[in-house]
Structure formats: C-alpha cells, structure tokens
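Undergrad: build the 3D model from these lines:
(one chain, ligands or ions: 2)
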Amino acid sequence: MKNEMIEKSYAKVNIFLKIADKRENYHELVSRFVRVHNLYDIISFVKSSRKAITIIGDFGCEINSNTVYKAYNLIKHFYGVEEFFLNHEIKIEKNIPEFAGLGGGSSNAATFLIMANKYCKLNLSKDELSKIGSQVGADVPFFIYEYDSANVTGIGEIVEKFDEEILDIKTITPKIKCNTGEIFKIFREKFYKQISKDEAKKLLDMKSTDILKELDIKQANDLYESALSLYPQLSDYEKKDWFFSGSGSSFFRINYGK
Ligand SMILES: C[C@@](CO)(OP(=O)(O)O)[C@H](O)COP(=O)(O)OP(=O)(O)OC[C@H]1O[C@@H](n2ccc(N)nc2=O)[C@H](O)[C@@H]1O
Ligand SMILES: Nc1ncnc2c1ncn2[C@@H]1O[C@H](COP(=O)(O)OP(=O)(O)O)[C@@H](O)[C@H]1O
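TA: Numbers count the residues shown, from 1 in each chain. Ligands and ions are numbered 1, 2, ... in the order given. Below you'll find the predicted structure:
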C-alpha cells in the first residue's frame, strides 16, 4: 500500500530582517518570511518493527541536537505518541542546505509537529503547536502556520499572514557555515541599531517585491554587515538584485520572469 503519511517541509527566506530591540540574550526582529516553493525536504512516517524512536536522514548533527528529536521530546507525553513512534520511523529526505539561513531545521520540526498532530490525533490548534515549536527554535512558529508569506515579529513567536502573490524565489548557498549566535553577538557589539516603529510599520505593510525594489542588500537585512565582518568571503557572492537571508549564508533573488 502507498504510504500516505508524507509531507513537504519548505525552506524560507527573509525578504527583510530588521532588529527592533534586545530581549535578554536574544534580539526582537521585524521580518517578512516567505516560503520557497521549489526547495523542500520530504518527511514521511514509515511503519517499522524497530521498536525505538528512529530518525533517518542526512543531518550534520547528532540525534540530541536534531530539531525533530527535540520536537518529539516535547510531545511524547501526549497519549499515543510514544506508541506511534515505536512503530513508525521518521524519514527525512534532506534537500535544504544546513547553516544556510533557510530555516531547514526549524521547518522540519514544524512539519513533524503538524504531521504528529494529524496522525496521532492530538487535536492541538496551530497556536498550541506554535507554542511547542517555539521551544525548539525561533523560526518554527512561522512554519507551523503554513503561510506563503507572513510578517514575523518578537523572537519569531508572532506570525501574521501577509496577503500577496506567491513569489518565484531562487537561492544560492555558498559553502560557508554562518554561525547565527556569533553573528548576533557581533551585531550587538559593533553594529547595533534599532528600526523605528514608523519604519517597521511601513515595511510590514509593503509587498515583498516593492520592498526589494526600494532597499539594497544591507538595508534589507540588518545582519548582513555582521555576517560580512565574520565571513568576508560572502562578498564574492554579492550580485545586483540578490539579497541575504536570515543569518546566512544563502543569497536569494525574485524571479520576475513569469
Ligand atoms: C536569524 C534567523 C531569522 O530567520 O534566521 P536563520 O539564519 O537561523 O535562518 C532566526 O531568527 C534565527 O533563529 P534560530 O536559528 O532558531 O536561532 P537559535 O538557534 O534559537 O539561536 C542561536 C543564537 O542566536 C542568537 N539569537 C537568535 C535569534 C534571535 N532572535 N536573537 C538572537 O540573539 C542567540 O544568541 C541564540 O543563542
Ligand atoms: N532536522 C534538521 N535539519 C537540518 N538541520 C538540523 C536539523 N536538526 C538540527 N539541525 C542543526 O541545526 C543547525 C542549522 O539549522 P538550519 O535550520 O538548517 O539552518 P539555519 O538556522 O541557518 O536556517 C545545524 O547545526 C544543524 O546541524
């Protein structure tokens, strides 16, 4: 029989990413997140007789740091979850590059939670799933809501759907492992600035294509200068009309061809 328990786990880009404030060791963002329709991992739950939680996939990390394993640990006390994953293994076909600013790990955790909610019949709302997901990573709530485009604020926990046409996005990911924590650290020490409330409102109301016509790569992403100072080789990839996603290392452009 065909396996029906299979879902796509999409990548995202940050059309713009501005810092609004500090919150303890973290930073509050004002950002537009957009799903990348042509870049996704594939997650499936497959019947298995191993009788142990099993996550199969090509990951650059050990099981304890795997975002899907972290998400599993947060829901395993719900009725039926442990039993289900003793009898089904989790398979992840990885296509989204890691350390890329494309949210691959966060997306996997969100898709896993959405699937577990469905197949273990947990009846959790999107808001409840999002709360659980935010304990795994800042970008998980965006992926829980499954919006094509959304304004994301706070440390990622406030996600508001943004209505606009679906964008055709092309990404390139240099083989540079950008460390998100280090980039935020140097941002706070050397490049710190906060977006004003008026400027934030203006960007949050604008269509993604209009934002990218108005801003250049540094104006669109407050973390780019910090990333460049730590990884100067990123500048080799700068090209007209290409922008920087998250804390890198991916660049992206909108394809206006269609
Ligand atoms: C910057 C963003 C924007 O989409 O993108 P990515 O480059 O990861 O895709 C994310 O918010 C990243 O979220 P995530 O990758 O989950 O970050 P975490 O692992 O939670 O954080 C790693 C470290 O970065 C710093 N950090 C992270 C998020 C944030 N809003 N403020 C921070 O200061 C903290 O020092 C934290 O210890
Ligand atoms: N399921 C997963 N898929 C990808 N990366 C994961 C996963 N679980 C944990 N990680 C780890 O998360 C970190 C990068 O996260 P990822 O979301 O892929 O990139 P980024 O935060 O740059 O968008 C790496 O340390 C990676 O090994």
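Undergrad: can you list the buried residues in the longest helix seen in the chain?
TA: Looking across the chain with DSSP state H, the single longest helix is helix 104-119. By 16 or more other CB atoms under 10 Å, the buried positions in helix 104-119 come out as 104-117. Where C-beta positions appear, they are placed from N, C-alpha and C, glycine not excepted.
Undergrad: before we move on, what about stretch 155-169?
TA: By 16+ other CB under 10 Å, the buried positions in stretch 155-169 come out as 155-156, 158-159, 162, 164, 167, 169.
Undergrad: can that stretch be found next to ligand 2?
TA: No: interface with ligand 2: stretch 155-169 contributes nothing (CB under 6 Å from any ligand atom), its closest point being 11.2 Å away.
Undergrad: state the distance from the closest residue to Phe78 other than its chain neighbours to Glu98.
TA: Closest residue to Phe78 apart from its sequence neighbours, by CB to CB, 6 or more residues apart in numbering: Leu122 at 5.4 Å. Going from Leu122 to Glu98 by CB to CB, to the nearest Å gives 28 Å.
Undergrad: so which strand or helix has Lys18?
TA: Lys18 belongs to strand 6-23 when elements are defined using DSSP states H and E.
Undergrad: next, the angle from that strand to helix 104-119.
TA: Angle of strand 6-23 versus helix 104-119, following axes from the mean of the first three to the mean of the last three CA atoms, to 10 degrees, is 120 degrees.
Undergrad: quick one: which of the buried residues of stretch 155-169 is nearest ligand 2?
TA: Of all the buried residues of stretch 155-169, ligand 2 sits closest to Gly156, with 11.2 Å by CB to the nearest ligand atom.
Undergrad: and the longest helix of the chain, what does it pack onto?
TA: Here helix 104-119 touches strand 6-23, strand 26-47, helix 67-75, helix 81-87, helix 126-134, helix 140-145, going by 3 or more CB pairs under 8 Å, 6 or more residues apart in numbering; DSSP states H and E.
Undergrad: any part of the first one near ligand 2?
TA: Okay, so that is strand 6-23. No: figure legend: strand 6-23 not in contact with ligand 2 (CB under 6 Å from any ligand atom); closest approach 8.1 Å.
Undergrad: please compute how far that strand lies from its chain's middle.
TA: 5 Å (CA atoms, centre = their mean, to the nearest Å).
Undergrad: the fifth one now?
TA: Averaged C-alpha coordinates place helix 126-134 at 14 Å from its chain's average position (CA atoms, centre = their mean).
Undergrad: packing partners for the strand holding Lys18?
TA: Counting contacts by 3+ CB pairs under 8 Å, 6+ apart, strand 6-23 packs against strand 26-47, helix 104-119, helix 140-145, strand 169-172, helix 197-205, helix 208-214, helix 217-220.
Undergrad: does ligand 1 sit close to it?
TA: Yes: applying CB under 6 Å from any ligand atom, one finds strand 6-23 touching ligand 1 at 14, 17.
Undergrad: also stretch 248-258?
TA: No: Stretch 248-258 does not reach ligand 1 (CB under 6 Å from any ligand atom); its nearest approach is 6.5 Å.
Undergrad: would you mark the buried spots in that stretch?
TA: Within stretch 248-258, the residues scored as buried using 16+ other CB under 10 Å are 248-254.
Undergrad: turn those residues into TSV, including pLDDT and secondary structure.
TA: Shown next, in TSV, are these (pLDDT from 0 to 100; DSSP: H, G, I helix; E, B strand; the rest coil):
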residue	pLDDT	secondary structure
Gly248	95	coil
Ser249	97	coil
Ser250	98	coil
Phe251	98	strand
Phe252	98	strand
Arg253	98	strand
Ile254	97	strand
